[in-house]
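Colleague: Quick one: sequence plus predicted model below, questions after.
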Amino acid sequence: MHYNQLIALLNENMYPESWVKSMGWDSRYTYTLRENVIVSIEEMPEREDNKTSNEFTEKFINKSASYVYYALKYNGSVVKNVCLYMVDGARALIPAPEGIADEHVDDDNLIIGVIIDRLVFETRYEHDDTTRYLKRSGLIFQESIIK
């Protein structure tokens with residue numbers, strides 16, 4: 001499978017019912033794609049000090065924010081690591097831009113970030129779409145790719 005095929009597969013499976021959620025002995029989650037069990041997203045260990053504050057995280061009522069890392073895996077190998085901001089007092093996960101001065105979220109990170117946000121907050125797309133938090137943050141993203 002090529003990378004772009006993997007991202008297209010993720011884009012077609014952006015909802016929690018497409019994934020199997022399991023917790024490991026270390027209390028970190030792994031999400032496995034039901035349609036293709038060799039595709040998974042794994043929560044990475046937290047860093048000791050993962051608090052963050054920047055122009056994107058401070059636009060919420062609760063300015064408390066941190067960052068977390070997830071690894072997209074294919075057949076057990078890491079394909080891509082993604083950094084997400086946990087914003088608004090842990091109410092949402094939004095993808096971080098690639099660079100410090102960047103305001104744009106890459107499409108790949110957006111797809112993976114929306115999937116993770118919906119998996120962590122299982123009813124997100126039913127009641128409160130991830131895009132609301134992305135828009136409030138001021139990050140630039142291609143909304144049309146979110147299903």
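Modeller: Now that the structure is in, tell me what you want to look at.

Colleague: CA atoms for contacts and neighbours, from now on please.
Modeller: Fine.

Colleague: counting residues per helix, which one in the protein is longest?
Modeller: Longest helix of the chain, by residue count under DSSP state H: helix 107-120.

Colleague: Test my guess that Glu35 contacts Met14.
Modeller: No. Counting by Cα atoms under 8 Å, Glu35 stays clear of Met14, with 12.0 Å between them.

Colleague: These two: which is more packed in?
Modeller: Neighbour comparison, Glu35 and Met14: the larger count goes to Met14, with 22 against 11 (by other Cα atoms under 10 Å).

Colleague: show me what contacts the more buried one?
Modeller: Contacts for Met14 (Cα atoms under 8 Å, 6 or more residues apart in numbering) come out as Ile111, Val114, Ile115, Arg118, Lys147.

Colleague: From Phe121, how far out is it?
Modeller: 13 Å (Cα to Cα, to the nearest Å).

Colleague: Next: Val87.
Modeller: Distance from Val87 to Phe121, by Cα to Cα: 13 Å.

Colleague: which of these two has more neighbours?
Modeller: Neighbours per residue, other Cα under 10 Å: of Val87 and Phe121, the larger number sits with Val87, 26 against 16.

Colleague: Can you verify my assumption that the more buried one contacts Ser64?
Modeller: Yes. Val87 lies in contact with Ser64 (Cα under 8 Å); the separation is 6.6 Å.

Colleague: Tyr31 and Ser40: what is the separation?
Modeller: For Tyr31 relative to Ser40 (Cα to Cα), the value is 5 Å.

Colleague: tell me, what's touching those two both at once?
Modeller: With Cα under 8 Å, 6+ apart, Tyr31 and Ser40 have no common neighbours.
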